[in-house]
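Student: next one to model:
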Amino acid sequence: QVQLVESGGGLAQPGGSLRLSCAASISLFRLLNMAWYRQAPGEERELVATITNTGESTSYADSVKGRFTIFRDNDKNTVTLRMNSLKREDTAVYYCNRETAGLADPWGQGTQVTVSS
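Tutor: As a prediction, the model looks like this:
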């Protein structure tokens, strides 16, 4: 059974930082490429960052490149998203899941990030 619990969101000022965490109860977590996604009000869910199963390779959406960093701990089954230089347009609910997760797959409740002065 898949369980994903995201945390760490909150209110941040433009230019500020937040650190999101995801605790993943997924079978064979260490073999899965993982990702962070986000969904802003009225928008479709978008892929923000991905990380390979070993953590050796990462990729980022152009909109967050250079500001966000994804990393993982396969011993603790966690995936973390460090977000720096936050912008108002980063406001969204953030989710973690497998890189190949679809809408029909189990998702966590997400964590709300609001960037506002």
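
Student: kindly indicate whether the most centrally placed residue in the chain is helix, strand or coil.
Tutor: Centroid-nearest residue in the chain, with CA atoms, centre = their mean: Trp36, separated by 2.7 Å. Assigned by DSSP: H, G, I helix; E, B strand; the rest coil, the conformation of Trp36 is strand.

Student: my guess is it meets Leu20, correct?
Tutor: Yes: with contact defined as CB atoms under 8 Å, Trp36 reaches Leu20; the gap is 7.1 Å. All C-beta atoms are positioned from the backbone trio N, CA, C, and that covers glycine.

Student: find residues that contact each of these two.
Tutor: 81, 94, 96 (CB atoms under 8 Å, 6 or more residues apart in numbering).

Student: what sits against the second one?
Tutor: Contacts here follow CB under 8 Å, 6+ apart; on that basis Tyr94 touches 6, 9, 20, 36-38, 48, 81, 110-113.

Student: repeat for Pro14
Tutor: Per CB under 8 Å, 6+ apart, neighbours of Pro14: 86-88, 115-117.

Student: can you tell me which of these has the lowest confidence score?
Tutor: Lowest model confidence among the contacts of Pro14 falls on Ser117, which carries 94.

Student: and for that one, the neighbour number?
Tutor: 8 (other CB atoms under 10 Å).

Student: any idea how far Arg30 is from Pro14?
Tutor: According to CB to CB, to the nearest Å, Pro14 stands 37 Å off from Arg30.

Student: now Phe71, what's its secondary structure?
Tutor: Under three-state DSSP, Phe71 falls in the strand class.

Student: picking that back up, keep only those of the shared contacts of Trp36 and Leu20 that are in strands.
Tutor: Using DSSP state E, the members of the shared contacts of Trp36 and Leu20 that fall in strands are 81, 94, 96.

Student: how many neighbours does Gly15 have?
Tutor: Neighbours around Gly15, by other CB under 10 Å: 11.

Student: what's the closest non-adjacent residue to it?
Tutor: Take Gly15 and drop its neighbours on the chain: the residue closest to it by CB to CB, 6 or more residues apart in numbering is Ser85, 6.0 Å away.

Student: quick one: contacts for that neighbour?
Tutor: 15, 17, 67.
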